[in-house]
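Novice: Quick one, structure for this:
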Amino acid sequence: MAWGNKSNDAATRVGGGMSFIGNEVTITGNLTAKGDIHLDGDVQGDIACGSLTLGAQGCVKGNVSAQRATIAGAVEGTVVATELVIEKTARIQGDVAYESISIETGARVDGRLSQKGPPAGELKLVSAGAE
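Specialist: Below is the predicted model of the structure:
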């Protein structure tokens, strides 16, 4: 890639960059990102981002809000995501709100699951039958 040429830059395509937080990092305070976060460390605070990938060793003590979230670690707090994947190593203590969800066998969720609808004014096709 030539300097100054960002046409192939993934961060430019998705509207924000990818931030990696390793397992040796502990953050105390809220974490906000326009782009994506891959978290293997610990966060004691709320997380708001475009996409969150919480690794199996990652831990969040706070609320999570993301467009897309893949949870493999531990969360103590509310999780709100449009698209949510809960992997078998995940441990969530708190309520979960989602539009679409996938939960692997072995995952643990201690809280209420609630499906949120599309934003007001947006129509969503539920089924298409032949008539």
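Novice: how about the helices of this protein, start to end?
Specialist: All helices of the chain, identified by DSSP state H, fall at 10-14.
Novice: how about low-confidence regions in it?
Specialist: Judged by pLDDT under 70, the chain has its weakly predicted residues at 1-16, 118-131.
Novice: Nearest the geometric middle of it, what residue?
Specialist: With distances taken as Cα atoms, centre = their mean, Ala69 lies nearest the centre of the chain, 2.1 Å away.
Novice: Not counting sequence-adjacent ones, nearest residue to that one?
Specialist: Spatial nearest neighbour of Ala69, excluding adjacent residues (Cβ to Cβ, 6 or more residues apart in numbering): Ala81 at 4.0 Å. No exception for glycine: its C-beta is placed from N, CA and C like everyone else's.
Novice: how many other residues sit next to the one you found?
Specialist: 24 (other Cβ atoms under 10 Å).
Novice: As a check, name the ranges of all strands in this protein.
Specialist: 18-21, 26-28, 31-32, 36-39, 42-44, 47-54, 59-61, 64-71, 74-76, 79-86, 91-93, 96-103, 108-110, 113-115 (DSSP state E).
Novice: on that earlier part again, so the residue nearest to Ala69 makes contact with Ile92?
Specialist: No: look at Ala81 against Ile92 with Cβ atoms under 8 Å: they stay out of range, at 11.4 Å.
Novice: Gly29 against Lys61, yeah?
Specialist: No: applying Cβ under 8 Å, one finds Gly29 not in contact with Lys61, separated by 11.6 Å.
Novice: Give me the more crowded residue out of the two.
Specialist: Lys61 (15 against 9).
Novice: quick one: contacts for that one?
Specialist: For Lys61, the contact set (Cβ atoms under 8 Å, 6 or more residues apart in numbering) comprises Asp42, Val43, Gln44, Gly45, Glu76, Gly77.
Novice: gap between the last one and Met18?
Specialist: As defined by Cβ to Cβ, to the nearest Å, Gly77 lies at a distance of 23 Å from Met18.
Novice: Cheers, nothing more for now.
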